[in-house]
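Asker: sequence first, then the predicted structure:
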2 protein chains.
Amino acid sequence: MSNASKSSPAQPQHFSDLRDRDLVVCIVGATGAVGEVLLEVLEERAFPIAELRPLASQRSAGTTIQFRGKAIEVAEAVPDAFDGADFVFFAATGDLSKSLAPEAARRGAIAIDKSNTWRMHDDVPLVVPEINPETLPDHRGIVSCPNCTTIGLVMSLEPIRRAAGLEELVVTTLQAASGAGRDGVEELADQQAALAAGRSLEPKVFASAIANNVVPLCENFREDDYSTEEMKLRLETQKIFGQPELPIAMTCVRVPVPVGHSATALVKTRRPIAVDEVRQALGAFAGVEVIDDPSERVFPTPADVVGRDEVLVGRLRADLDSDRLWLWEVSDNLRKGAATNAVQIAEALRALPPSPHGPGAF
Amino acid sequence: MSNASKSSPAQPQHFSDLRDRDLVVCIVGATGAVGEVLLEVLEERAFPIAELRPLASQRSAGTTIQFRGKAIEVAEAVPDAFDGADFVFFAATGDLSKSLAPEAARRGAIAIDKSNTWRMHDDVPLVVPEINPETLPDHRGIVSCPNCTTIGLVMSLEPIRRAAGLEELVVTTLQAASGAGRDGVEELADQQAALAAGRSLEPKVFASAIANNVVPLCENFREDDYSTEEMKLRLETQKIFGQPELPIAMTCVRVPVPVGHSATALVKTRRPIAVDEVRQALGAFAGVEVIDDPSERVFPTPADVVGRDEVLVGRLRADLDSDRLWLWEVSDNLRKGAATNAVQIAEALRALPPSPHGPGAF
């Protein structure tokens, strides 16, 4: 059963050279909101795929998805489906990632996990390729993709961190319904249609009505009265920046926007930095675009970022009482916040020489 | 022409005793979003009115409004319309307040102004009656009502200020479309209907699309890249609290909500204060209600506060890295944020003995 029984323990398949061949790629959660965008991004970026295996929970197995002009039937996500795979993207529930990502790794694939399950594990790199690609070679068969909210924030902060260091953050997020998956988008649309017809619908996905409302809870509450989403933002940002003690104060709010997460951030840097220098640093950073011209009423909104991979940053200005600075960032939570970042991780992994590490025990 | 020619300069009409009689009340902007709620609130609170004069710009004059079961024709807001008035509520544009509030004061009325025009004037009290009623007797014929965003924030902070003092604030607001008046509400509804029909509409009131989007600009930009709305929040809060140096960092965002402003605030107090003590202080403060039970997923949202006069506060929790604390507050921007606060000001003014001050020159 174990990979060790099929090949040399020192060189399981996922530590073989991936650079010169087309790959076998599985997608767990291929029918979900992120899975659908993942298929689009793999096509757009011409990811070298020899065989694509769309997988899903039993409920969605048997449906078909389209990839490169062909219909492919969705199979059930069971361990054997990973046999011979190079990459397994997990874009489904945390439960599926928990049980199946180790199975993928054991079979010699590299699991690229979009769920929260493995992000804080010591043997799992948590990667935004523009920021910390140097952590990728340490993987043991599982690599985590940060939460959609985290990715937009850290992308907008990394150029500032490089230029002046980070000392403290205060963040409020305004998160799209699709951050809660397809069910979230549908709940928003259904409630909007009901309101337009003079009715109202009971919330199911979100803890309060989301149409024509804002909800200061993303996901669930913890015992310390922070939300699980808020703690992801904090812990993941600290891990990605390699600053486990970085003070981050945060509130996460759900807003009636289908796609596109936004955040305000008040940033205290280690050395004071002028807004113009921040603007230059952001503008020079791959994957970030500055959209900021108050004199022309120009700033980025979620509607501007849908379908794009760049994180858009605006409202740059100095705090009036300190040497901190404000920024506003928006990102497509399904693309750079999820699918694009996951594919970028796969691209970066593929470009690496075979890893010297053995597989981890997860 | 001047009031002085009609009565003793030492005792113009608006410094006469208002306590024992029904009053003559004008409403400038009676047909607007705030004006309409003002009429409701005056009815609900049984404000003692002998004569109500709805007024508006030339464009809206001639229409009728309903008050206490009677239709009353709206007259044009011209200076002579204030003859004999006791109170003139201004719920229209800043331009009308600028030209007409001094005319009202000159005629012996007290102007209660909802616009931004007079708020920072040294001779104009800027009043939330629960917080700084002691400034009312200093009026010279004009009293200002703070901006809707400011009122919710200062109401949620005042109990904390009294208990522990305020040292620094970081605020992000999520403001409803009705903060931009009836045109704002209509633009949101029109854009939502267009989107549902598969079309889109060019923004007019807001600087970007507001339906299914969030817009990090309320009102206009200043030369320092802050918005006029952000600076109102800062300067008004400092004036109301009598702390002109209070550091306040702020970003104001428009969200696709018809009514109900929200804000996150990270609060640094002068002396550290436990969350439980904050909760008690808020709960004991008239006009504030704590709605905060994370274990039951309970927190306030804009939908919960529509039609209510209380400011609702939740998400109380300690910062994880400092002795600051987070709160989330929502308020009905048309009621406590505007109409109710204005009527409360009138009630408080009416209860005062005649003012010893002469009229101001505005």
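Answerer: Yep, it's here.

Asker: quick one: contacts for residue A:212?
Answerer: A:192, A:195, A:256, B:256-258, B:302-303 (CB atoms under 8 Å, 6 or more residues apart in numbering or on different chains). C-beta: built from backbone N, CA, C; applies to glycine.

Asker: host element of it?
Answerer: Assigned by DSSP states H and E, residue A:212 belongs to neither a helix nor a strand.

Asker: can you tell me how far it sits from residue B:210?
Answerer: 11 Å (CB to CB, to the nearest Å).

Asker: which of the contacts of residue A:212 tops the neighbour count?
Answerer: residue B:257 (29 neighbours; other CB atoms under 10 Å in any protein chain shown).

Asker: ok, and the closest non-adjacent residue to it?
Answerer: residue B:176 (4.5 Å; CB to CB, 6 or more residues apart in numbering or on different chains).

Asker: residues near the spatially closest residue to residue A:142 that is not a sequence neighbour, how many?
Answerer: Sequence neighbours aside, residue A:111 is the residue nearest to residue A:142 in space, at 4.6 Å (criterion: CB to CB, 6+ apart). For residue A:111, the count of nearby residues is 30 (other CB under 10 Å).

Asker: phi, psi of residue A:111?
Answerer: phi -80, psi 130 (degrees, to the nearest 10).

Asker: try residue A:253
Answerer: The phi/psi pair for residue A:253 (degrees, to the nearest 10) is phi -130, psi 140.

Asker: so what's the residue count around it?
Answerer: Residue A:253 has 27 nearby residues by other CB under 10 Å.

Asker: got the contact list for the residue nearest to the spatial centre of chain A?
Answerer: Centroid-nearest residue in chain A: residue A:338, 3.4 Å away (criterion: CA atoms, centre = their mean). Contact analysis of residue A:338 by CB under 8 Å, 6+ apart lists A:34, A:37-38, A:91, A:114, A:145, A:148, A:151.

Asker: and the strand or helix carrying residue A:161, which residues are buried?
Answerer: Secondary structure assigned from DSSP H and E places residue A:161 in helix A:148-164. Buried residues in helix A:148-164, defined by neighbour count with 16 or more other CB atoms under 10 Å in any protein chain shown: A:148-161, A:163-164.

Asker: what comes up buried for the helix or strand that comes right after it?
Answerer: Where DSSP H and E defines the elements, the next helix or strand beyond helix A:148-164 is strand A:166-175. Within strand A:166-175, the residues that qualify as buried are A:166, A:168-175, counting by 16+ other CB under 10 Å.

Asker: and chain B, which of those contact it?
Answerer: A:168, A:170, A:172, A:174 (CB under 8 Å from any CB of the partner chain).

Asker: reformat those as JSON lines; add distance to residue A:309 and pLDDT.
Answerer: As requested, those are exported to JSON lines (distance: CB to CB, whole Å; pLDDT from 0 to 100):
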{"residue": "A:168", "distance to residue A:309": "29", "pLDDT": "98"}
{"residue": "A:170", "distance to residue A:309": "27", "pLDDT": "99"}
{"residue": "A:172", "distance to residue A:309": "24", "pLDDT": "98"}
{"residue": "A:174", "distance to residue A:309": "20", "pLDDT": "98"}
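
Asker: list just the nearest of these to chain B.
Answerer: residue A:172 (3.9 Å; CB to the nearest CB).

Asker: who's the closest residue to the closest one other than its chain neighbours bridged to?
Answerer: Excluding the flanking residues, the one nearest residue A:172 by CB to CB, 6+ apart is residue B:172, at 3.9 Å. The partner list for residue B:172 in beta bridges (DSSP bridges) reads residue B:251, residue B:264.

Asker: residue A:67 now?
Answerer: Under the criterion used (DSSP bridges), residue A:67 bridges to residue A:70.

Asker: what about it, how many residues close to it?
Answerer: The local packing of residue A:67 (other CB under 10 Å) involves 18 other residues.

Asker: thought it was touching residue A:52?
Answerer: Yes. The pair residue A:67 and residue A:52 qualifies as a contact (CB atoms under 8 Å) at a distance of 5.3 Å.

Asker: common neighbours of the two, please.
Answerer: residue A:42.

Asker: what sits against residue A:73?
Answerer: Residue A:73 touches A:54, A:62-64, counting by CB under 8 Å, 6+ apart.

Asker: any chance you could map the strands in the stretch 201-350 of chain A?
Answerer: Secondary structure of the stretch 201-350 of chain A by DSSP state E, counting those that start in this stretch: the strands cover A:248-254, A:261-269, A:288-290, A:311-318, A:325-331.

Asker: any chance of JSON lines for these, columns mean pLDDT?
Answerer: Converted to JSON lines, the strands of the stretch 201-350 of chain A look like this (pLDDT from 0 to 100):
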{"stretch": "strand A:248-254", "mean pLDDT": "98"}
{"stretch": "strand A:261-269", "mean pLDDT": "98"}
{"stretch": "strand A:288-290", "mean pLDDT": "98"}
{"stretch": "strand A:311-318", "mean pLDDT": "98"}
{"stretch": "strand A:325-331", "mean pLDDT": "98"}
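
Asker: for residue A:24, which of these is the nearest?
Answerer: Between residue A:24 and the strands of the stretch 201-350 of chain A, the tightest spacing by CB to CB is seen for strand A:325-331, at 30.0 Å.

Asker: for the closest one, which strands pair with it and how are they oriented?
Answerer: With DSSP bridges as the test, strand A:325-331 pairs up with strand A:261-269 (antiparallel), strand A:311-318 (antiparallel).

Asker: want to throw those strands into a markdown table with mean neighbour count?
Answerer: Shown next, in a markdown table, are the strands paired with strand A:325-331 (neighbours: other CB atoms under 10 Å in any protein chain shown):
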| stretch | mean neighbour count |
| --- | --- |
| strand A:261-269 | 25 |
| strand A:311-318 | 24 |
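
Asker: CSV please, covering those strands and showing distance to residue B:87.
Answerer: Shown next, in CSV, are the strands paired with strand A:325-331 (distance: least, CB to CB, whole Å):
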stretch, distance to residue B:87
strand A:261-269, 39
strand A:311-318, 40
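
Asker: looking at those strands, which is closest to residue A:129?
Answerer: strand A:311-318 (13.2 Å).

Asker: picking up where we left off before, and the helix holding residue A:161 with strand A:166-175, angle?
Answerer: With axes from the mean of the first three to the mean of the last three CA atoms, to 10 degrees as the basis, helix A:148-164 and strand A:166-175 are set at 150 degrees to each other.

Asker: give the contact list for residue A:42.
Answerer: With CB under 8 Å, 6+ apart, residue A:42 has these contacts: A:25, A:49, A:52, A:67, A:343.

Asker: mind listing which of the residues you listed are in helices?
Answerer: residue A:343 (DSSP state H).

Asker: how about CSV for the contacts of residue A:42, with pLDDT and distance to residue B:77 added?
Answerer: Formatted as CSV, those follow (pLDDT from 0 to 100; distance: CB to CB, whole Å):
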residue, pLDDT, distance to residue B:77
A:25, 98, 69
A:49, 97, 70
A:52, 98, 69
A:67, 97, 65
A:343, 98, 61
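
Asker: what's the farthest-apart pair in the contacts of residue A:212?
Answerer: Among the contacts of residue A:212, A:192 and B:302 lie farthest apart (CB to CB), at 15.2 Å.
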